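1. predicted model and sequence below, questions to follow.
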Amino acid sequence: MEKRVFIEAPVMFPTGVALAAIHFMVLLEWLFFVTKPSFLTSVETTMVVMVLFLAPLVPCIGIGLPIFLLATAGQKIRAKSAASLCGHLACGLVSVLMAGWLVLLFDNFTYSTAQIGISTTDGARRLAYTAGFLVAAGVLFWFVRWKSRRLSPMEFSRLRIGMGIFLGVSPIAHLVYGLSGGWTKESIPDFPDLASENLPNIVILASDGIDADALSVYGYEHETSPFLESVRDQFLFCENAFTNSGFSTPSDISLLTGIYPLDTGVLYWPDVLMGVPARRHLPGLLENAGFESCSIGMRNYVDPFDWNMLNGFDQVNGRGRGALWHFLVSRRVSGDETSFFLYQINDRLLSRVQHIFYLRDLREEFFGLDESLAGWADSDRREMALDWLANTSSPFMLHLHLLGTHGPIFAAREAHFALEEETPAYPLKTRERDDSLLDFDRFIREVWEVLEARNILEETILVITSDHSNRRHPNERIPLMIRFPGAEHAGIVENNVQLLDVAPTLVEALGESPPEWMRGQSLLSDVPDKDRPLFSTSVDMTKGLPVYRKRAGGLRQYLAPPFYEFKAVRAVIGEWAWILDTRDGTFRYLRVGGFEGPPTQEVFDHAHRVLMDRAREYNLEVGG
């Protein structure tokens, strides 16, 4: 009987397995992302395909190269103990990588088929994932060690061919990407140089879904904002402020950029910033001036890292920017889309492994919409914000987005209005909402007191606002109050303003003219025109998630399950909010505030022309 011949490959086999694991992980994650609503949904089809081939390069270098070097050291080092340690480390890294990949693969499967996964587990099920990971890593470690010394000639030949393919495809894809203009650097024009000394701090306090009409500082009959009432005379008080989107993500991005959602390309989650819009924003401008910055909100929806907002905030929802350095490197050679894809894979993999080892609680991070659903809700957001404010050196910027006022479930630390007797005119749900607003007002006072205790209140610009109204209607006002150091610029702005105006106002307050790419208007210079169109957008959320696939010349709306189309272009012009439904071309209006009577035909025709021009500007298809 002929004796079987085995080939030892203690370097090539662990390295080859690592390369194969990386490529298959990228493939399966790519399939997961393209078959569900994700940021790839709004990326051009050609680039979606390119991401698949571009993505493996950086992880192959960052993970595959260390494994190769450790395995090589295990063969070259003469000291047996050190050589053995290097060999074991190489196989250990491969086994952990593959075990993590299997965990992510299983999580994708259970999420896609039953909408359950690691992020929803606790107790014994969470421990079962931990045990499964350890068993898989142990078995894979033994297999890699054993198989690396028992390859048949046929297996060795296939390994060499496979490694050649893995090492060749992604570099060739990068060459094609580069030759097609992918490596062309997009400059960021007109970032004003701010003074390096005596710059004020900036604190933006927002809470979700607040109607100005529900705050006593705006005339509401119940005292939902007594502290703001007591200091109102120190603020630039905007009587008629409106959002630029009915949804948190595009609204907050417009607040921080001064750019319309149709220009940023972010109309609703899971849209993210790409290209120049990812680099044009107030936090990036402040970083150039030496500001420390922090954003606290909710993962995905209010999370600048998850928005792909680059070179802006130092900390976001408890995560530091240092963890992103390798993705910042990858975007230089692989592009924004590929880099953000790798960021998503890394975050999904590490967060799930940390969750099953009790180092992180994904349930609290991703399901923190209200106090009844999770612990990482406003209580932790408030604590994190107050701690950061108390310990951060000037100049700094804090962006805080609370969720206790987000209906239909409202959260407050104490009940006040809810304890009152219920009447048909003042039902329990309204009283619970009022308690959440009173809680926000009390928290504003706590922030005020922290700034006073540090003797920096008069060195800080304080912005109070909300992302959109409770019902998201374009004719409903939201709060907007800005206090400047020394109560400078205090007064009342009666004409209509928008969230888009906040960023240019802050830039001017820092001593510079707002850059041209900020589409809003500073409230410190000229009085806003009362008939200035304040544009916003709306999407159809009644049947599914919206999709906007980019094409030359603008955005195109698709209507194909499970995705549904862009809904409407909206604008507040003077006393009226106008809505152009792009699905069927219908045009209607809503009154703003207490204005009575229908608009004149001249006003109607002018508003229709404005919104039709807006639709044509962005290549939006209007039905009817």
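-> That came through fine. Numbering: from 1, shown residues only.

2. longest helix in this protein, please.
-> When the chain is parsed with DSSP state H, its longest helix is helix 80-114.

3. how far does that helix sit from its chain's centre?
-> Distance, stretch centre to chain centre, for helix 80-114: 29 Å (C-alpha atoms, centre = their mean, to the nearest Å).

4. check stretch 392-403 too.
-> 17 Å.

5. residues contacting the residue nearest to residue 38 when sequence neighbours are not counted?
-> Computed as C-beta to C-beta, 6 or more residues apart in numbering, the closest residue to residue 38 that is not its neighbour in sequence is residue 270, at 5.1 Å. Glycine gets a C-beta too; all of them are placed from N, C-alpha and C. With contact set as C-beta atoms under 8 Å, 6 or more residues apart in numbering, residue 270 has these partners: 37-39, 41, 300, 545.

6. next one: residue 313
-> Residues near residue 313 by C-beta under 8 Å, 6+ apart: 283, 293-295, 304-305, 321, 399.

7. same deal with residue 443?
-> For residue 443, the contacting residues are 205, 382, 402, taking C-beta under 8 Å, 6+ apart as the criterion.

8. before we move on, back to that, so the residue nearest to residue 38 is in which element?
-> Secondary structure assignment for residue 270, by DSSP states H and E: no helix or strand.

9. from residue 36, how far off is it?
-> Residue 270 sits 9 Å away from residue 36, going by C-beta to C-beta, to the nearest Å.

10. swap in residue 64?
-> Between residue 64 and residue 36 the distance, using C-beta to C-beta, works out to 28 Å.

11. please apply the same query to residue 466.
-> Taking C-beta to C-beta as the measure, residue 466 and residue 36 are separated by 30 Å.

12. so for those two, which sits in the more crowded spot?
-> Comparing residue 466 with residue 36 by other C-beta atoms under 10 Å, the one with more neighbours is residue 466, at 28 against 15.

13. residue ranges in the stretch 501-624 of the chain under the pLDDT threshold?
-> Residues of the stretch 501-624 of the chain that meet the criterion pLDDT under 70 lie in 540-566, 593-597, 624.

14. neighbours around residue 216, how many?
-> If you count neighbours by other C-beta under 10 Å, residue 216 ends up with 18.

15. that one and residue 222: what is the separation?
-> Here the criterion is C-beta to C-beta. By it, residue 216 lies 6 Å from residue 222.

16. just residue 280 next, same as before
-> From residue 280 over to residue 222 the distance is 41 Å, taken as C-beta to C-beta.

17. more neighbours, these two?
-> residue 280 (24 against 17).

18. phi first, then psi, for that one.
-> Backbone torsions for residue 280, taken as degrees, to the nearest 10, come to phi -100, psi 100.

19. name the helix or strand of this protein that has the lowest mean pLDDT.
-> Taking mean pLDDT, DSSP states H and E as the measure, the helix or strand of the chain with the lowest value is strand 563-564, at a mean of 38.

20. and the next helix or strand past it?
-> Per DSSP H and E, the first helix or strand lying C-terminal to strand 563-564 is strand 566-573.

21. distance from the chain centre to that following strand, please.
-> Relative to the centre of its chain, strand 566-573 is centred 23 Å away, using C-alpha atoms, centre = their mean.

22. let's have the chain start at 34 instead
-> With the count now opening at 34, the last piece we talked about shows up as strand 599-606.

23. who wins for most neighbours among the contacts of residue 303?
-> Of all those, residue 72 has the most neighbours under the rule other C-beta under 10 Å, reaching 21 neighbours.

24. which residues does residue 535 contact?
-> 237, 288, 291, 496, 498, 513, 515, 553 are the contacts of residue 535 under C-beta under 8 Å, 6+ apart.

25. and those, which of them are in strands?
-> 237, 496, 498, 513, 515 (DSSP state E).

26. farthest pair within the residues you listed?
-> The distance between the two most remote of those (C-beta to C-beta) is 10.8 Å, for 237 and 513.

27. those two: which is more packed in?
-> More neighbours surround residue 513 than the other of residue 237 and residue 513, with 29 against 22 (other C-beta under 10 Å).

28. nearest residue to the more buried one other than its sequence neighbours?
-> Sequence neighbours aside, residue 274 is the residue nearest to residue 513 in space, at 3.6 Å (criterion: C-beta to C-beta, 6+ apart).

29. the one you found is in contact with residue 528, isn't it?
-> No: with contacts defined as C-beta atoms under 8 Å, residue 274 does not count as touching residue 528, sitting 10.4 Å away.

30. these two: who's more crowded?
-> Between residue 274 and residue 528, residue 274 has the larger neighbour count (other C-beta under 10 Å), namely 24 against 15.

31. let me see the backbone angles for that one.
-> Taking degrees, to the nearest 10 as the convention, residue 274 sits at phi -110, psi 140.

32. now it: how far from residue 643?
-> Between residue 274 and residue 643 the computed distance is 20 Å (C-beta to C-beta).

33. which residues sit in contact with residue 531?
-> Residue 531 is in contact with 274-277, 553, 567, 605, counting by C-beta under 8 Å, 6+ apart.

34. likewise for residue 58?
-> Going by C-beta under 8 Å, 6+ apart, residue 58 touches 134, 137, 378.

35. redo those as CSV? Include pLDDT, neighbour count and distance to residue 213.
-> Formatted as CSV, the entries for those read as follows, by pLDDT from 0 to 100; neighbours: other C-beta atoms under 10 Å; distance: C-beta to C-beta, whole Å:
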residue, pLDDT, neighbour count, distance to residue 213
134, 84, 19, 31
137, 82, 21, 31
378, 87, 21, 24
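
36. where does the prediction get shaky in the chain?
-> The model of the chain has pLDDT under 70 over residues 34-39, 148, 216-229, 355-364, 395-410, 573-599, 626-630, 657.

37. in the stretch 334-483 of the chain, which spans are strands?
-> Assignment of strands within the stretch 334-483 of the chain using DSSP state E, counting those that start in this stretch yields the ranges 348-349, 352-353, 429-435.

38. return the most buried member of the ones you listed.
-> Taking mean count of other C-beta atoms under 10 Å as the contact definition, the stretch among those with the greatest mean neighbour count is strand 429-435, which reaches a mean of 24.

39. what's in contact with it?
-> For strand 429-435, contacts defined as C-beta under 8 Å, 6+ apart pick out 234-241, 281, 285, 289, 315-316, 319, 324-331, 335, 346, 411, 414-415, 418, 421-422, 425, 473, 476, 500.

40. adjacent strands (with direction) for it?
-> According to DSSP bridges, strand 429-435 forms sheet pairs with strand 234-240 (parallel), strand 325-329 (parallel).

41. nearest residue to residue 640 in space, please, no chain neighbours.
-> The spatial neighbour of residue 640 that comes closest, neighbours along the chain excluded (C-beta to C-beta, 6+ apart), is residue 611 at 4.4 Å.

42. what does residue 469 give?
-> Of all residues beyond its chain neighbours, the one nearest residue 469 is residue 443 (4.0 Å), with distances taken as C-beta to C-beta, 6+ apart.

43. residue 350 too?
-> Once its chain neighbours are removed from consideration, residue 350 has its nearest residue in residue 336; the separation is 5.5 Å (C-beta to C-beta, 6+ apart).

44. the one you found: neighbour count?
-> A count of neighbours around residue 336, defined by other C-beta under 10 Å, yields 22.

45. likewise residue 191?
-> The tally of other residues near residue 191 (other C-beta under 10 Å) stands at 13.

46. part of a helix, is it?
-> Yes: following the definition DSSP: H, G, I helix; E, B strand; the rest coil, residue 191 is counted among the residues of a helix.

47. farthest-apart pair in the contacts of residue 346, please.
-> The widest separation within the contacts of residue 346, taken as C-beta to C-beta, falls between 354 and 432 and amounts to 14.4 Å.

48. circling back to that earlier point, and the residue nearest to residue 71, how close does it get to residue 172?
-> For residue 303, the distance to residue 172 equals 35 Å [C-beta to C-beta].

49. repeat for residue 476
-> 51 Å.

50. ok, now residue 617?
-> Distance of residue 617 to residue 172, given as C-beta to C-beta: 59 Å.
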